[in-house]
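Trainee: structure for the following, please:
(chains A, B, C and D)
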There are 4 protein chains.
Amino acid sequence: MSKVKSSPKLIKEGKLSYEWARSHMQILDNTINRLKKSKPLKGITLGFCLHVTKETSVLLMGAKELGATVAVCGGNPLTTQDNIAAFLASQGINVYAWHGQSVKDYDWSIDQVLKHKPTILTDDGADMNIKAHFDKRFKDMEVLGATEETTAGVTRIRAVENQGKLRYPVILVNEAVTKHMFDNQYGTGQSTIDGYLRAMNLLMASKRVVVVGYGWVGRGVASRCRGMGSKVIVTEVDPVKALEAHMDGFEVMPMAQAAKIGDMFITCTGMTSVIRKEHILKMKDGAIMGNVGHFDVEIDADFLLKKSKSVKEVRPTLDECTLKNGRKVYLIGQGRLANLVSAEGHPPEVMAQSFSNQLLSVLYILKNHKKMENKIIDVPKEIDIQIAFDALKAMDVKIDKLTPEQVKYANNW
Amino acid sequence: MSKVKSSPKLIKEGKLSYEWARSHMQILDNTINRLKKSKPLKGITLGFCLHVTKETSVLLMGAKELGATVAVCGGNPLTTQDNIAAFLASQGINVYAWHGQSVKDYDWSIDQVLKHKPTILTDDGADMNIKAHFDKRFKDMEVLGATEETTAGVTRIRAVENQGKLRYPVILVNEAVTKHMFDNQYGTGQSTIDGYLRAMNLLMASKRVVVVGYGWVGRGVASRCRGMGSKVIVTEVDPVKALEAHMDGFEVMPMAQAAKIGDMFITCTGMTSVIRKEHILKMKDGAIMGNVGHFDVEIDADFLLKKSKSVKEVRPTLDECTLKNGRKVYLIGQGRLANLVSAEGHPPEVMAQSFSNQLLSVLYILKNHKKMENKIIDVPKEIDIQIAFDALKAMDVKIDKLTPEQVKYANNW
Amino acid sequence: MSKVKSSPKLIKEGKLSYEWARSHMQILDNTINRLKKSKPLKGITLGFCLHVTKETSVLLMGAKELGATVAVCGGNPLTTQDNIAAFLASQGINVYAWHGQSVKDYDWSIDQVLKHKPTILTDDGADMNIKAHFDKRFKDMEVLGATEETTAGVTRIRAVENQGKLRYPVILVNEAVTKHMFDNQYGTGQSTIDGYLRAMNLLMASKRVVVVGYGWVGRGVASRCRGMGSKVIVTEVDPVKALEAHMDGFEVMPMAQAAKIGDMFITCTGMTSVIRKEHILKMKDGAIMGNVGHFDVEIDADFLLKKSKSVKEVRPTLDECTLKNGRKVYLIGQGRLANLVSAEGHPPEVMAQSFSNQLLSVLYILKNHKKMENKIIDVPKEIDIQIAFDALKAMDVKIDKLTPEQVKYANNW
Amino acid sequence: MSKVKSSPKLIKEGKLSYEWARSHMQILDNTINRLKKSKPLKGITLGFCLHVTKETSVLLMGAKELGATVAVCGGNPLTTQDNIAAFLASQGINVYAWHGQSVKDYDWSIDQVLKHKPTILTDDGADMNIKAHFDKRFKDMEVLGATEETTAGVTRIRAVENQGKLRYPVILVNEAVTKHMFDNQYGTGQSTIDGYLRAMNLLMASKRVVVVGYGWVGRGVASRCRGMGSKVIVTEVDPVKALEAHMDGFEVMPMAQAAKIGDMFITCTGMTSVIRKEHILKMKDGAIMGNVGHFDVEIDADFLLKKSKSVKEVRPTLDECTLKNGRKVYLIGQGRLANLVSAEGHPPEVMAQSFSNQLLSVLYILKNHKKMENKIIDVPKEIDIQIAFDALKAMDVKIDKLTPEQVKYANNW
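Mentor: Model (predicted):
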């Protein structure tokens, strides 16, 4: 019941890749192993809309080991790793994903997952949840609850809630500290460097890198670019975040000004149209831009790819756009997640935390859905703290404990 | 009506110091200048319990320029700058503060401020607010509301609220992002380096510095120590913060282990007894310890100063304690705020943000106290954002604005 | 007269890659364009033994544009990029290089280059120069002079000179400040991160990375690893360099101790056997090691690949070695240059400086060989300074100039 | 035979300060203790011209313990610590130094030292050596040799040598790696932060700091300013150093441009007139400048202090200069060494290395002067290496040793 690209070679590669990830996602592996005897997900169908990477395969295999029937589609047309998809399909997971899907294919894939009638949905960007709310084929389907992985998805789900239309509880996995502070910051920080280096293979030291947005993703990216020797410029719309970037020693300026002097641009906002035609036209010859926010709306890729004098793929996932003003500027991965399109996404250690939050949230919904309201809630604090303890233990880091005297002091004036 | 050390020389020095601070606290200065015509604090008596530094003098003079009657005592027996106290007293402010107060003097000084019957209290550490709640001489005094500056004070006020005993609203100035993220982090980060350098004048590069606590203060201190070339070790009780410190590239370990290898120790927790006898006895010969948390309870100073074989002040504010095990260890400023006791506290630019929060919160209480409940509240979000905008403007930093299209996107799923 | 892997697709890819590099090697491109009219290398045959990468292709095409007949072999069996080799061969350059050469193939390739009777040799690691000195087929061949690219090669050539056997002048390009301070430090710093990320795709933040050697390469690598959030440990044999690493805030310890706690190891010494069996046996399960020094002698790859219980390639260029003690450790690229084997080597901007030194040194030999002794010499100071000026100009950086008053001051006591 | 300010209180303070320094200058202390039995300096008179700080007192007391008669004057009118001078005088050392000497006093003090007929001179800036060469009262005095501490002094002595006028050998202590790489870089790096913080007490984070010169001092200062959160701009005249600063991620630009945007300026060049009237007139209101190069010639202090509309000391060692264009700019310590005038100079651990080089060089001259030519020489390599080993040992850092196999490899091609 899967639709993937497959071959014995792909399956073998995917298996190696899955094993590599699993051996570096110790806290998720531990959780799966602890629970798998009792098969807590037996009889349950889970629907996933996630980037099909080696790390995701560990979550999906884990869900299966816990007894679930699993159906999954990709989180983005360009981020599926075909060998992982092939391996998962070979393991009896229902996979609808291949690299290079069209938008139509992508939409069809979500449909396929929903046709499995999953009762808990795990989403990345909210496309599946939006469909489960507003597509008439699915809007009456029984759903106990859902989880959402990203900042971008959170924003959309909040809009649904604000309109009073949320029809089941949604846990914002992104809001867990052990998710956003690690995945968004350290995960994206590293995978963005990885993606840009592979896409362009240019020197980062001494270059002016414009980091658009100083949320958790932006600050992770800014810090790593500085670590590579770049001169980092931050643009922001939020005065508090701008002030922080300024205090952290970064140059802060409006995009209209940054556009003129940047050598590289990295959009990290979750917002639409942060690099627009008017900015692109001011850029220096040779400027390179890419996006690591969830959706491909941050850079005006249409202008670059359709309104340029010519477009040429000069390196894999790197398009040279010769503008009408004669300058050449470069777009990574057509404006889609550069860290996933040009590299392999976040390293497994980070995803172990994010996906532990996902798995424990799914189990939480299963156990508590009857008393949950149709509201957005954060990951329960105890899950967050448990994951932090598990992560420290997995990395063999020991910490202090409050003494009884200190506990008393904390509760006293 | 003041009690200070005074002389024409001190007053002159204090005036210069006040002017220096004011010229670098532009956003506070702007607010004062904007409001001073309308004298919004006319007829109001304000009571302050704050470290009497040059930065504080700008807040107090501002309150006076806005029409208030002002009474102030110090925030700590060792942090008063006598020339500032002398200057303020010469300007008609009621000051009860001098350097080297006994604990009894300090207590007496708070009384004097309360005897002025202030209707709004601005506190740093909650000593004045606790007295206004539980000292029978003052517990029926009319108070419209109060503000609190520090994490340590917040903890105590919350304990009062939890016991249902809060008798007026308190605004937690510390919770403003433009306060804690800047004052606690960048302010303490810099002033701690300043205090330690003055107290010990030893090389920081290559030394192992143990930063106790990784809250906003701890992370500011850790970052600056790394910036000075130190090898930073972090100790924590909170698993999430410990994990963050670990990811930020710091060594994380329990104090029992850190005590043995640290060259310098800096406590930043707001908690009691984080460096205890058992730790001190493990320290290397030559180890130096100090505290930058609000209260002098973080290090067991009693053990050091009273149970040592001998104690000798080898440099100003630095005591050499020869332990019974024969080793010499060093305590800065008797365990009181090293950044204030050995140096001058935070730089004025940072305090401009903190004290703008204070001043605007006082004005907020005055305007809104009738509809406020006897609860702890955060600084209203609009004040926080306003201060961020003011700060950016003062530093001539420009940022972007959401376009109408982006506003629409943010509200849409 | 070439021996490469070739196909129209490879040639096309190689051409794109060459163009990408050339457009980012502005100072080399400028030099070539300035000189190409006068064809200063006309009638000269040049022999190159260099890693066949896109950056090298710019040097070789430039030599050709200046009139030379060019013959080239690879610098290492695993570092040739086949598409570049194919492209160069298609342009009339004599290329003897393909990815995955055996040691015997590699040796044969050097022979082929020497059979072209080049009169100036440009070498990387000194294999070609050693052969030109000690292989009886070539030892009487006329050579005007040679240049050497690496620290490792410099060491070997010095040994030849010390034995009084040098038969032509050699310019140590590696000793140019604009070469070693940039190529070795910033080039290897970045390309090592690139190579390790591609080989392992694991989180670097929080991990203990052992950098073996704190020369220019080691300090570049250490600085970039810190920039990625790693905890860096340095091992050294030189007390001055060890002291510097210590002062720069890195942990310094002997390898016997570092072996036990490191998560990743990066050898940067130019020395043999710095990670030996005795160290490998102490490593933690999961430890990853690789080399970025010129020769594959730094890690005992034989022990890992031949004496392990089993060896399995778990990711491209990453071998899992299950030791007899049951632990799994990992070797990147069989111990060969990880930055070239697992990634693409240094970025073009850095190689533009190195190869400008090469090209200008070749021209210097051509012009001056008659008055040069059979000695090792540094790159003439004026070439070094010229390249620095060119590089600043290419990056649009302006600097100050001494005033006449300052020049006078500098020469006066 | 001393001329100092003295009192029992000063002597006591000086003694404490000396003891503090000595206990943190372990490698110098070890050397003194090892040699003091044999009294190698017995019968020798040594003349010193050095900043009279607590660290210097350890060198002088050590020389005395080794048997020498010691005479010393200060290295600069504003850098003498009176309590140290008083203590040294009380110990039988001939001291001619007090804080706030006039230039004439300073000159007189050098005379007094030379009148003791020292046979070895230890100098800091070359004033004493220049006098011993060109002042007719001293030019025939017997001198076995001399040592010089600073880059600035080295430049002057080289000028004397180049004119063929050097009349005794001079060891350039500054050229020892264990001196300049540590003292100039890490010492000045830290003490500059210390001096600036005390002089101005302003926030460094977010400020634009212009570091003038990127030699060892400049790079130490730039790195520490970045560590404090500043945005660092470097100005240079040397293209190679400029390129390095650029690659290290700093902004590089000419002073004419930097003058307009800098918040703080730190001159580190050893050159004259690097901040001139034309630059000062472009500076922003509030700009602060200071010097950490040896001589007070780097900033045009005359223009600031004599041609301003008004000058006012607003904080100790900080003059506010109201320019004729109405702007206020600030000068630290009248342009003299800010790290010594406003703070205490380098920390003792760093000076232990510098002064071990001094002491061992003095002993070297004593032993070898007969075979030494009247030339400038570097510190013998074995002294440098010995100090590095001593320093590592003192800090309990262990390193590796080449194996016999590696030694062989190093000597083989």
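Trainee: A:Pro239 against B:Leu392, yeah?
Mentor: Yes. Look at A:Pro239 against B:Leu392 with CB atoms under 8 Å: they come within range, at 5.7 Å. The C-beta positions use only the backbone N, C-alpha and C, and glycine is treated the same way.
Trainee: wasn't A:Cys321 part of a strand?
Mentor: Yes. The assignment for A:Cys321, made by DSSP: H, G, I helix; E, B strand; the rest coil, places it in a strand.
Trainee: thinking again about what came up before, between A:Pro239 and B:Leu392, which contacts overlap?
Mentor: B:Ile399 (CB atoms under 8 Å, 6 or more residues apart in numbering or on different chains).
Trainee: where do the strands of the stretch 301-413 of chain A begin and end?
Mentor: Secondary structure of the stretch 301-413 of chain A, counting by DSSP state E, counting those that start in this stretch: strands at A:310-315, A:318-322, A:328-332, A:376-378.
Trainee: between those strands, which gets the lowest average pLDDT?
Mentor: Comparing mean pLDDT across the strands of the stretch 301-413 of chain A, the weakest is strand A:376-378, with a mean of 94.
Trainee: now do the buried residues in that strand.
Mentor: Within strand A:376-378, the residues scored as buried using 16 or more other CB atoms under 10 Å in any protein chain shown are A:376-377.
Trainee: before we move on, what about stretch A:42-56?
Mentor: A:44-56.
Trainee: chain center to stretch A:158-167, what's the gap?
Mentor: In terms of CA atoms, centre = their mean, to the nearest Å, the gap separating the centre of stretch A:158-167 from the centre of its chain is 22 Å.
Trainee: what is the end-to-end distance of that stretch?
Mentor: 12 Å (CA to CA, to the nearest Å).
Trainee: do the same with stretch A:73-85
Mentor: 9 Å.
Trainee: A:Ala176 is in contact with A:Ala388, correct?
Mentor: No. Using CB under 8 Å, A:Ala388 is not in contact with A:Ala176; the gap is 9.7 Å.
Trainee: out of the two, which sits in the busier spot?
Mentor: Comparing A:Ala388 with A:Ala176 by other CB atoms under 10 Å in any protein chain shown, the one with more neighbours is A:Ala176, at 29 against 25.
Trainee: which residue is the nearest non-sequential neighbour of the more buried one?
Mentor: A:Val379 (3.9 Å; CB to CB, 6 or more residues apart in numbering or on different chains).
Trainee: which ones are touching the one you found?
Mentor: A:171-173, A:175-176, A:179, A:357, A:360-361.
Trainee: closest to chain C among these?
Mentor: A:Lys179 (14.9 Å; CB to the nearest CB).
Trainee: distance of that closest one from B:Lys207?
Mentor: Distance check for A:Lys179 against B:Lys207: by CB to CB, to the nearest Å, it reads 35 Å.
Trainee: looking at the two, which is more packed in?
Mentor: A:Lys179 (28 against 20).
Trainee: which strands or helices does the helix or strand containing that one pack on?
Mentor: Following DSSP states H and E, one finds A:Lys179 within helix A:177-179. For helix A:177-179, the elements it packs on are helix A:348-368, helix A:381-394, helix B:239-247, judged by 3 or more CB pairs under 8 Å, 6 or more residues apart in numbering or on different chains; DSSP states H and E.
Trainee: now it: average pLDDT?
Mentor: Per-residue scores along helix A:177-179 average to 93.
Trainee: would you put the C-alpha positions of whichever helix or strand comes after that helix in PDB?
Mentor: Per DSSP H and E, helix A:177-179 leads on to helix A:188-200 as the next helix or strand towards the C-terminus. Extracted C-alpha coordinates of helix A:188-200, given in PDB (Å, rounded to 0.1, in the frame of the first residue of the first chain):
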ATOM      1  CA  THR A 188      19.100  24.100  12.400                       C
ATOM      2  CA  GLY A 189      22.300  25.900  13.400                       C
ATOM      3  CA  GLN A 190      24.400  22.900  12.300                       C
ATOM      4  CA  SER A 191      22.300  21.600   9.400                       C
ATOM      5  CA  THR A 192      22.200  25.000   7.800                       C
ATOM      6  CA  ILE A 193      26.000  25.200   7.800                       C
ATOM      7  CA  ASP A 194      26.000  21.700   6.300                       C
ATOM      8  CA  GLY A 195      23.400  22.600   3.600                       C
ATOM      9  CA  TYR A 196      25.100  25.800   2.600                       C
ATOM     10  CA  LEU A 197      28.600  24.300   2.500                       C
ATOM     11  CA  ARG A 198      27.400  21.500   0.200                       C
ATOM     12  CA  ALA A 199      25.300  23.800  -2.000                       C
ATOM     13  CA  MET A 200      28.000  26.400  -2.600                       C
END
